[in-house]
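Colleague: I'd like to go over a predicted model; first the sequence, then the structure.
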Amino acid sequence: MASERSLSPEARSILGARISRRSVLAGAGGLGAAGLLAACGGGGSSSSGGDTNTVRWGNWPLYLDFDAKTKKYPTLEKFKTLTGIDAQYFEDYNDNDEFFGKVQAQLKLKQDIGYDVVTPTDWMAARWIRLGYTQKFDLANIPNAGNILDSLKSPSYDPNRESSLTWQGIMSGFGWNTQKNPKGIHTLDELFAPQNKGKIVVLTEMRDTIGIILMAQGVDITKVTEAQFMNAVDFMAKKISDGWIRGVKGNDYAQDLTSGDATAVIGWSGDMFILSSENAGKFDFAIPESGGTISGDNLMIPSTASASGKANGEKLINYYYDPAVAAEVAAYVNYVCPVKGAQAEMEKIAPELATSEYIFPSDKTASRLHVFRSLTPDEETTWGEAFQKAQGN
């Protein structure tokens, strides 16, 4: 049985110091995701498209173990050493639509988009697959694919997991400043309590924000109708126009909480876990009494990746589906880990996290989380436009 010494020194340093992911952003001059990207030399590049010894991965900010001292990603460095592959990592995601808009024209023209691995959320992964913008895996190159949790094995958009594997699972619910909301927030009415007026932020991810509103209205989001959806959008629009909601944001909503500009949010569990641990319990998170949403971000290989980029991407995906590596990542990002065996590995490196409902939700917790139903292409357009209009876009 492995001991704590099986964890890399860099990762053990991160765990021991409880490195602040938010301080990474602050260290980049307060520039947010774009500033961090520039500071770390990020940005997908097509110049490496023909390099047979390279893999280029586009992911969301603060979504991989990071050593603030060395400015490197310990597990990724280990991958480079093990394989000899130059893994280039770009924190280029802030919003699914924004990222897709950046690469869509090249995908249509079958031109290199600058990435061999991308990480869209479930509903956007479905679009990539539907439009033929992904390549099917050679599963012989990803033997660790069998480690995916049973609950994630057969999503409707990729029932045989031929083109996607979950990177991390995402729970959304209510987050709050405990000083301003000492009793916590467990219902939509409590979110819109007087002390939070003008200081509420909700997510740009339509299915999370509207999904939580819908469930509070008694709607089953696995069967939601257009009329029910539009009613929830109207509710959000009125809360914005009446001055309750100050913004609709992507990953950067956490900065509003730390600055004090926001006191309550519809947000993501992983972010709230980190904010709580970094700020002596000043922030907290709960799945709403009416239910929270769950989704996943997915590792996928674009249709434009070269043969070598695809093969190297499969090696990268297989590496991160090793339970010990998955545990090391989960100890840092604190999102729902999709890999079987990672919880046992977590017990060896950070026992207190092995029982975390944020990372390894119990059956009871999982039963309170729901997946927004798949939308048709027409619904994606119509509903998405309504959600954007409600924001004032």
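Modeller: Arrived safely, thanks for sending.
Colleague: CA atoms for contacts and neighbours, from now on please.
Modeller: OK.
Colleague: correct me, but residue 358 touches residue 269?
Modeller: Yes: under the criterion of Cα atoms under 8 Å, residue 358 makes contact with residue 269 at 6.3 Å.
Colleague: any shared contact partners between those two?
Modeller: Common neighbours of residue 358 and residue 269, counting by Cα atoms under 8 Å, 6 or more residues apart in numbering, are 171, 335.
Colleague: element containing residue 168, please.
Modeller: Following DSSP states H and E, one finds residue 168 within strand 165-177.
Colleague: Please identify the buried residues of the next helix or strand after that strand?
Modeller: Using DSSP H and E, the helix or strand that follows strand 165-177 in sequence is helix 188-191. Neighbour-count burial for helix 188-191, counted by 16 or more other Cα atoms under 10 Å, picks out 188, 190, 191.
Colleague: And the residues you listed, which is closest to residue 145?
Modeller: For the buried residues of helix 188-191, the closest approach to residue 145 (Cα to Cα) belongs to residue 188, at 38.5 Å.
Colleague: Give me the distance between that closest one and residue 265.
Modeller: Going from residue 188 to residue 265 by Cα to Cα, to the nearest Å gives 11 Å.
Colleague: again with residue 129
Modeller: Note on residue 129: its distance to residue 265, by Cα to Cα, is 32 Å.
Colleague: Looking at those two now, which is surrounded by more residues?
Modeller: Between residue 129 and residue 265, residue 265 has the larger neighbour count (other Cα atoms under 10 Å), namely 30 against 19.
Colleague: show me what contacts that one?
Modeller: The contact partners of residue 265, by Cα under 8 Å, 6+ apart, come to 174, 175, 176, 191, 200, 201, 202.
Colleague: let's see 6 Å
Modeller: Residue 265 is in contact with 174, 175, 200, 201, 202, counting by Cα atoms under 6 Å, 6 or more residues apart in numbering.
Colleague: quick one: what helix or strand has it in it?
Modeller: Assigning secondary structure by DSSP H and E places residue 265 in strand 264-268.
Colleague: Which other helices and strands does the helix or strand just after that strand contact?
Modeller: Later in the chain than strand 264-268, the nearest helix or strand by DSSP H and E is helix 269-278. Counting contacts by 3 or more Cα pairs under 6 Å, 6 or more residues apart in numbering; DSSP states H and E, helix 269-278 packs against strand 283-286.
Colleague: List the strands paired with the strand it packs on, with their directions.
Modeller: The pairing partners recorded for strand 283-286 under DSSP bridges are strand 165-177 (antiparallel).
Colleague: could you give me the average pLDDT of the partner strand?
Modeller: Strand 165-177 carries an average pLDDT of 96.
Colleague: Cool, thanks, signing off.
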